[in-house]
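Student: What follows is a predicted structure for the sequence shown.
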Amino acid sequence: MAEESSTPYAAYTLYKVDPAWLRLPIEERAVGKEAFAEVIGGWQERMDLRTYSLVGVRPEVDFMLWKLTERYDDLRELTTDLNGTPLAGYLSTPYSYLAATKPSQYFEQKSKRPRRVVPRGAPYLVVYPFVKKREWYSLSMDDRRRAMQEHAAIGSRFVTITNHTTYSFGIDDQEFMTAFECESPSDFLQLMLTLRETEASRYTERDTPIFVGTALELREILDSLDGAAARVEA
């Protein structure tokens, strides 16, 4: 049996707060937010766990957790701890994605060492599930490699964007999870407009929904859910 550390995992969980939570007394909301933030803070000492706000961007989600771990059970245990907080009763998860890392068959030499996702801490993260058309897999490896090398060459010209592609074959509904760290969402817009003209793009089956998260500390995100941050500023 292979050691679990040979397959680092990446997971993205997107949360939506129930409007009923906004009608709770301020003190009760504050207790729930603090308990939730304490759990996240404790887990950030155990795994790479990053928080992003989507408030005002997509109506069906409010914030996102980006989780990177070499231990699969961390994903369950973290959620169990969060479920024990008062805020959890008012949260739903409209979207949740799981992927794992591995060397690319198009660019990297085979190695026994695991490939790892190393975030650089950019201010924005664009995440979406990705599925290729089945016709892609009927192409020869040489044709696929040539198309992907063209795709990557164009992407490398956008120096403010870092791509973290992970693989979901057999462990989630999509084939890939793509995550792009960027300095501005408009940078990513220009990248995608350019990539639409590549050969590999013709074989895209699905690349939605798309989430653009802003990197923020969790307490700041939670305070934005009920407007606490605005009241403090006032």
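Tutor: Now that the structure is in, tell me what you want to look at.

Student: What about the nearest residue to residue 184 once chain neighbours are set aside? Give its phi and psi, please.
Tutor: For residue 184, ignoring the flanking residues on the chain, the nearest one in space by Cβ to Cβ, 6 or more residues apart in numbering is residue 124 at 6.8 Å. To be clear about C-beta, it is placed using only N, CA and C from the backbone, and glycine gets the same treatment. Dihedral pair for residue 124: phi -130, psi 150, per degrees, to the nearest 10.

Student: Output the below-cut-off pLDDT ranges for this structure.
Tutor: 1-6, 107-114, 229-234 (pLDDT under 70).

Student: quick check: longest helix of the protein.
Tutor: helix 26-43 (DSSP state H).

Student: Let me see the residues that make contact with that helix.
Tutor: 21-22, 24, 49, 51, 65, 74, 78, 81-82, 84-88, 90, 218-219, 222-223, 225-226, 228 (Cβ atoms under 8 Å, 6 or more residues apart in numbering).

Student: Mind telling me what element residue 158 is part of?
Tutor: Using DSSP states H and E, residue 158 maps to neither a helix nor a strand.

Student: Distance of the closest residue to it other than its chain neighbours relative to residue 199?
Tutor: Closest residue to residue 158 apart from its sequence neighbours, by Cβ to Cβ, 6+ apart: residue 191 at 4.7 Å. Distance of residue 191 to residue 199, given as Cβ to Cβ, to the nearest Å: 16 Å.

Student: Those two - which one has more neighbours?
Tutor: residue 191 (20 against 14; other Cβ atoms under 10 Å).

Student: Helix, strand or coil: sort out that one for me.
Tutor: Taking DSSP: H, G, I helix; E, B strand; the rest coil as the rule, one finds residue 191 in the helix state.

Student: who's in contact with it?
Tutor: Contacts of residue 191 by Cβ under 8 Å, 6+ apart are 155, 158, 161, 180.

Student: What is the neighbour count of the third one?
Tutor: If you count neighbours by other Cβ under 10 Å, residue 161 ends up with 20.

Student: Make 875 the first number, not 1, from now on.
Tutor: Renumbered: residue one is now 875, and that last one reads residue 1035.
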